[in-house]
Every structure is written in structure tokens, then in C-alpha cells.
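In: Sharing a model prediction with you, sequence too.
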Amino acid sequence: MHVCKLNASARERELKSIKKRGGGLLMAGVFAAALSGTPLSMASESPAAPVVSLVDTAARPSLSWSPILLDDGLVPYRGVVNFDTAGMGAGPMMYPAPGVAGLLVAVLTHGVMVESAKNSQKTKMQEDADRVVSDYPSVLGEFKLKELAQQALGRVKTAGGQPLASAVDHLKDGWRVVLKPVFSMTQDQKGLLLDHAVEAYPPGAGEPTKVSVRVVSRPVVAEQPGEWWRANGGAHLKDESAMLMAESLDIVLAGAGGAHASVDSLPQQTVRYLEGGVKKTERAHLLAQNCNRRLFKTLRGDFLSVPAPQDAEPCLPQSVANQ
Amino acid sequence: MKRLLTLSLVVSAAILAGCAAPPQQPVQLAPSTVTAKTVRIGVAMAALPKVDTHLPGADCLLCYAAAAMMNHSLTKHVVTLPPEGLPTIKAEIAQAITSKGGTAVVIPEDIKVDDLPKFSAQGSNLAGKDYTTLRQKYQVDKLVVISVSTLGAERLYSSYIPTSDPKGVFRGVGYMVDLTSNAYDWYLPVDVLKSSEGPWDEAPKFPGITNAYFQALDAGKESLLTPFK
């Protein structure tokens, strides 16, 4: 695995590059904290700039937290669906109504029929999109949530995690994070998305906070992406799924630890990234970025983590970072 | 009598068919068109439309009133959205032409295409309006025109009933006219609709529709810029 650890002169070049790109104001204190290992605590302040972390393995806040899995079913996978063409056509409707009451009944009936047709259409579009994961029956038919969670927990960078539990009232002294991942595969099979609707229970007996995180994988470059995912009993698919889940947990726990900046002072921007082989855009606020990934907060208040652009400065190999 | 009726139907059909002009088909931009240094290319825009909610299909007066009322809070938000990046598109096109070795001139004022006279000749890939008068006015040999007709959110209707969820919309056309022949060197209609990811009905800020609007805006702008890159 590559880490991104810069020497002093490279740090200076990176600072100049960020200022030149206009990628947000750099807070020197945050930068020093990121490198020294001091936890980032931003939410209580009124920051005027996005957090910019230049290292992939920056020290994360240490929290007492417990992952909770309420059931151990199969990991849900579906196909990414595009609803841009959803809807019936436009046009006039002749209502055969003898009077006002008749017209009202006709309009209401028309409304019910159209609504039913729209819902059926969307259901069918999702079912058609889900066919992309029907090529993985041997892998997905056996991949359970507990196995996924164990693999993911082994990759989570936030310290202080407890073993996986199955009930919310476990460990009331720390954060309890209920895991509810749903994965989607792009239609070209080159990308995997995780939509993780996490419920985070604070220490004590407080109400949970619902946090939605979407993590987008880096596009697969293999010529036959389906074959690549299925190889070795689906090892790549399981591995990537675990990586995405670990990333989502680090994002949620960083928020619990107060690391994410308030978006009130951050400008909106149109983010461009690849979802599989398809160019996507999202209107969002940049929260943090490093050599591997960029973290945004969407207009809906959800978190979105996407790979860093292909022309971004690459992370240094582990062997170089350790020198 | 029957023969007379058939004849009048045939004549009416012929007249109506003759009146309907065939829609202009897309014309691909040849790379050599923008690289010739001796050819001056003007880049202009028509006035941008107001960002608004559009409700095609709600055609009767009462239908439109009902639809407008139903979408009042969405419209109240949509009209506040900016046409971000569009005012600078002509400068970006001019920059792209210059970087390929061509000569481009940005026309600062908006082009009023409707005020131009009709072009008398008809034929394949000939512009319907007479742009040749602009050659003397702007001292250019070719003119790129970016015309955006619809911007904001669109929701389809069948009289009183919505037949789709609102979507972000960008609709327009980009074309290049040779100011000597009045023929299109490039013609690209752009029609982008983007749906909201997740629920759309989230007043007052409608984040799903707002995001869809910016997605449509970005995709539409990119479609118009790509032929010049």
C-alpha cells in the first residue's frame, strides 16, 4: 500500500501548488497537526478554510467506538441506475367529463394511473440495472455482512475500535456505530460505490445521528472488469468492498471526533470525478483532500469520498516514505 | 364529391408538408476550420434565458395555473440559481481556438438572432437567418454563436397531472456560420436532462434538484466546448 509522506522541500512545492490551484486556504496549524499526529478538532471552531491533509496516513482521532451489526445477512449489491429518462411523456389530456364533479373524478383517476405507471417504470429501471450484479452469483451468494465487517474493521485507521457487536446497548461509554452498507456496481462494471447509511449513537443514552456516506472506488483498469472482480473467488470484489467500508467508517468517526469543517464558510463547487468509466459531477463543498482521495459534503449534507484526480500528485511508495 | 374531397385532402397535405421546414441536422466541426490563422472567427452568445421552472404539457390556462401553484416553492428556489460558467463560455471557446493556432475574436454584446433578416436562399446546411451582414460589422469571416434556450428545472405534465419528477435542464444550440456563404460549418443542438439522485421534494432548498441543475449545466457547457478542445 502506498503512503503519502512528503519531505520538507516537497511540502513547500505542494503548498505553492495548492495556493496556485486555488484549492482552498491552507491552515498551517491543521497541516502541522496532521503531520505531528495531533488529532484534528475543527467542528467546534468557525473555520474559514477547508482542511487540507497532505498525507494519506495522517493520524486520526482516537475514539472509543464499537461497530454494531444488527443482522448477518448477505451483503447487498445492486446496479447503478440512471433515472434521467424516467417519466411519461408530456401532452394534453382530453377528460370525458360531463360536469365539474366528473372532471374532478377524471383528473384524480388520471393522477392515480400516472403515479402508478411512474413507480412501475422506476422499479423496472432499477431491476434492469440490477442485472449487472447477476453475473456474480457464486461470490455474492456467499458474502455475508459479518465477513465484510471483519475485513473492513481490519483496515479502519481510527484507533479505539472495539470488536464487532450485535446490539446497540453494547459499550454505552463509547460511540456505537450501526453498520448498514449497500453497494452498487456501475453498468460498465468498472466501478463500485458504497452508500453507507450509518447510525451513530453517542456515548451515554443519546439519540443516534444518521450519517450518509458515499464512497466511490477508483475505476478498474482491467480489460475485462467482470473477470477481474470474480477472480480468486471474488477476492478483488470483497477486498474493494471492505476498503470502501473502512473509508466510510473513518469519515464517520472523524466527524464524531469533530474533524470535519463547517460548510457555512466553504464555497460550493462543481466536483468532477469518474464513477467507473463515466464522468460524473456533483455540487458540493470540499472538506479535505490528499494524494489518494477527496472528501466533500454534498448539498444534502451527505459525505462523498471520491478518488483523487488521475493527474494528482501520486502517493510515494511505502519503501520511500520509510527512508 | 368523393373525388373532390380526396383531392382537397391531398392538396392540403402537400401545402402543409411544404410549409414545414426540415429540422437542421447536426454538422460536425472539421478541425481545419479552427486552425487556419488567416480566418478570423468571432465568438458570440445570444442573451441567456432566465433560470426558471418549465412545465411542458400543462398547456391549458387552468392546467398551467394549477401546475405553477403545485411547483411554487420549487420555482421560488430555482430562480435563485446562477448560470454559473455560461457567461464565460465564449471566452473559453475563443481561447480554445487560439490555442489550436486559429484567430478568434470575442464579440462582447449579445447577438439578437431574431432581429436578423431571413436568408432568401434555401438548401442543405444553410442558416435560416442572414448572418452575412455581420461580416462587415464585426470584421470576422466566421461566427460562432452559442444560444441557450432553456435553463433551470423541467417537469413534464399531461394537462393537470405531472408525468415526471422535476429534472435539471440545459437546452440550447451551438453553431458556426460562414459569413460569406451563410452555411453552417458546425451545428450542435444540446438537450440535457438530469434527474435528482434520491428524493427531489425537499423544500425549501431542494438539494437533489439543485444538484441536478448544476449537473445539466456542466454537461451542456461541456458539450458545447468539446468540439473546440
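Out: Now that the structure is in, tell me what you want to look at.
In: in the stretch 101-250 of chain A, which segments are predicted with low confidence?
Out: Applying pLDDT under 70 to the stretch 101-250 of chain A picks out residues A:170-172.
In: For it, which segments are assigned as strands?
Out: Secondary structure of the stretch 101-250 of chain A (DSSP state E, counting those that start in this stretch): strands at A:175-178, A:181-185, A:192-201, A:209-216.
In: can you list the residues of the stretch 51-200 of chain A near chain B?
Out: With CB under 8 Å from any CB of the partner chain as the criterion, the stretch 51-200 of chain A meets chain B at residues A:82-93, A:95, A:107, A:110-111, A:114, A:118. Where C-beta positions appear, they are placed from N, C-alpha and C, glycine not excepted.
In: Just the ones in helices from these, please.
Out: A:107, A:110-111, A:114, A:118 (DSSP state H).
In: longest strand anywhere in chain A?
Out: strand A:278-289 (DSSP state E).
In: export that one as CSV, just CAs?
Out: C-alpha atoms of strand A:278-289 as CSV (Å, rounded to 0.1, in the frame of the first residue of the first chain):
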residue,chain,number,x,y,z
VAL,A,278,-18.4,7.5,-16.7
LYS,A,279,-17.7,11.2,-15.9
LYS,A,280,-19.9,12.4,-13.0
THR,A,281,-20.4,15.8,-11.4
GLU,A,282,-21.6,16.8,-8.0
ARG,A,283,-22.2,20.2,-6.5
ALA,A,284,-20.5,20.0,-3.1
HIS,A,285,-18.2,21.6,-0.5
LEU,A,286,-14.6,20.4,-0.4
LEU,A,287,-13.8,19.2,3.1
ALA,A,288,-10.4,17.5,2.7
GLN,A,289,-8.1,16.0,0.1
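In: show me where the chain has helices.
Out: Using chain A. So, for chain A - with DSSP H - the helices run A:8-21, A:28-36, A:100-129, A:137-140, A:145-153, A:225-256, A:318-321.
In: hmm, I had chain B in mind actually
Out: B:2-19, B:31-35, B:61-70, B:72-78, B:89-99, B:133-138, B:207-225.
In: hmm, who's touching the fourth one?
Out: Residues outside helix B:72-78 that contact it (CB atoms under 8 Å, 6 or more residues apart in numbering or on different chains) are B:51-53, B:68, B:152-153, B:166, B:203-206, B:209-210, B:213.
In: Would you list the buried entries among those residues?
Out: If you count burial by 16 or more other CB atoms under 10 Å in any protein chain shown, the buried members of these come out as B:51-53, B:152-153, B:166, B:206, B:209-210, B:213.
In: about what we covered before: could the helices of chain B be laid out in a markdown table, adding mean pLDDT?
Out: Shown next, in a markdown table, are those (pLDDT from 0 to 100):
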| stretch | mean pLDDT |
| --- | --- |
| helix B:2-19 | 64 |
| helix B:31-35 | 89 |
| helix B:61-70 | 94 |
| helix B:72-78 | 97 |
| helix B:89-99 | 96 |
| helix B:133-138 | 93 |
| helix B:207-225 | 97 |
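In: tell me the most buried of these?
Out: Comparing the helices of chain B by mean neighbour count (mean count of other CB atoms under 10 Å in any protein chain shown), helix B:207-225 comes out on top with a mean of 23.
In: counting contacts, what elements does that one pack onto?
Out: Applying 3 or more CB pairs under 8 Å, 6 or more residues apart in numbering or on different chains; DSSP states H and E, we find helix B:207-225 packed against strand A:268-275, strand A:278-289, helix B:72-78, helix B:89-99, strand B:142-154, strand B:167-178, strand B:184-195.
In: Could you list the alpha-carbon positions for that helix in PDB?
Out: Extracted as PDB, the C-alpha positions of helix B:207-225 are listed here (Å, rounded to 0.1, in the frame of the first residue of the first chain):
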ATOM      1  CA  PRO B 207     -30.700  19.800  -2.800                       C
ATOM      2  CA  GLY B 208     -31.400  17.000  -5.300                       C
ATOM      3  CA  ILE B 209     -32.900  19.300  -8.000                       C
ATOM      4  CA  THR B 210     -30.200  21.900  -7.300                       C
ATOM      5  CA  ASN B 211     -27.500  19.300  -7.800                       C
ATOM      6  CA  ALA B 212     -29.300  18.000 -11.000                       C
ATOM      7  CA  TYR B 213     -29.400  21.600 -12.300                       C
ATOM      8  CA  PHE B 214     -25.600  22.100 -11.900                       C
ATOM      9  CA  GLN B 215     -25.000  18.600 -13.500                       C
ATOM     10  CA  ALA B 216     -27.100  19.600 -16.500                       C
ATOM     11  CA  LEU B 217     -25.400  23.000 -16.700                       C
ATOM     12  CA  ASP B 218     -21.900  21.400 -16.600                       C
ATOM     13  CA  ALA B 219     -22.800  18.700 -19.100                       C
ATOM     14  CA  GLY B 220     -24.400  21.200 -21.500                       C
ATOM     15  CA  LYS B 221     -21.400  23.600 -21.300                       C
ATOM     16  CA  GLU B 222     -19.000  20.700 -21.800                       C
ATOM     17  CA  SER B 223     -20.900  19.500 -24.900                       C
ATOM     18  CA  LEU B 224     -20.500  23.000 -26.500                       C
ATOM     19  CA  LEU B 225     -16.800  23.300 -25.600                       C
END
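In: from the middle of its chain, how far away would that helix be?
Out: Centre-to-centre, helix B:207-225 and its host chain are 14 Å apart (CA atoms, centre = their mean, to the nearest Å).
In: relative to strand B:142-154, how tilted is that helix?
Out: Calculated by axes from the mean of the first three to the mean of the last three CA atoms, to 10 degrees, helix B:207-225 forms an angle of 170 degrees with strand B:142-154.
In: what's the angle from helix B:207-225 to strand A:268-275?
Out: 70 degrees.
In: and the spatially most central residue of chain B, bridged to which residues?
Out: Most central in chain B under CA atoms, centre = their mean is B:G172, positioned 1.6 Å from the mean C-alpha point. Here B:G172 sits in beta bridges with B:V148, B:V190, going by DSSP bridges.
In: Roughly how far does it sit from A:L274?
Out: 26 Å (CB to CB, to the nearest Å).
In: again, but for A:A235
Out: Using CB to CB, we find A:A235 at a distance of 23 Å from A:L274.
In: who has more neighbours, those two?
Out: A:L274 (19 against 12; other CB atoms under 10 Å in any protein chain shown).
In: How about the residues of chain B by chain A?
Out: Checking chain B against chain A by CB under 8 Å from any CB, the hits are B:56-57, B:59-60, B:84, B:156-165, B:167, B:193-195, B:198, B:202, B:205, B:207-208, B:210-211, B:214-215, B:218-219.
In: ok, now with 6 Å
Out: Proximity of chain B to chain A, by CB under 6 Å from any CB of the partner chain, involves residues B:56-57, B:59, B:156-161, B:163-164, B:193-195, B:207, B:210-211, B:214-215, B:218.
In: closest one to A:A197 among the helices and strands packed on helix B:207-225?
Out: Between A:A197 and these, the shortest gap by CB to CB is with strand A:278-289, which sits at 17.9 Å.
In: Export the helices and strands packed on helix B:207-225 as TSV, with columns for distance to A:R155.
Out: Converted to TSV, these look like this (distance: least, CB to CB, whole Å):
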stretch	distance to A:R155
strand A:268-275	22
strand A:278-289	19
helix B:72-78	41
helix B:89-99	42
strand B:142-154	41
strand B:167-178	36
strand B:184-195	34
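In: Please name the residues that touch B:L86.
Out: B:L48 (CB atoms under 6 Å, 6 or more residues apart in numbering or on different chains).
In: Roughly how far does it sit from B:I146?
Out: 8 Å.
In: Report the closest residue of the stretch 151-300 of chain A relative to chain B.
Out: In the stretch 151-300 of chain A, the residue found nearest to chain B is A:L299; the distance is 3.7 Å by CB to the nearest CB.
In: So A:V271 sits against A:H285, correct?
Out: No. A:V271 is beyond contact range of A:H285, at 9.4 Å (criterion: CB atoms under 6 Å).
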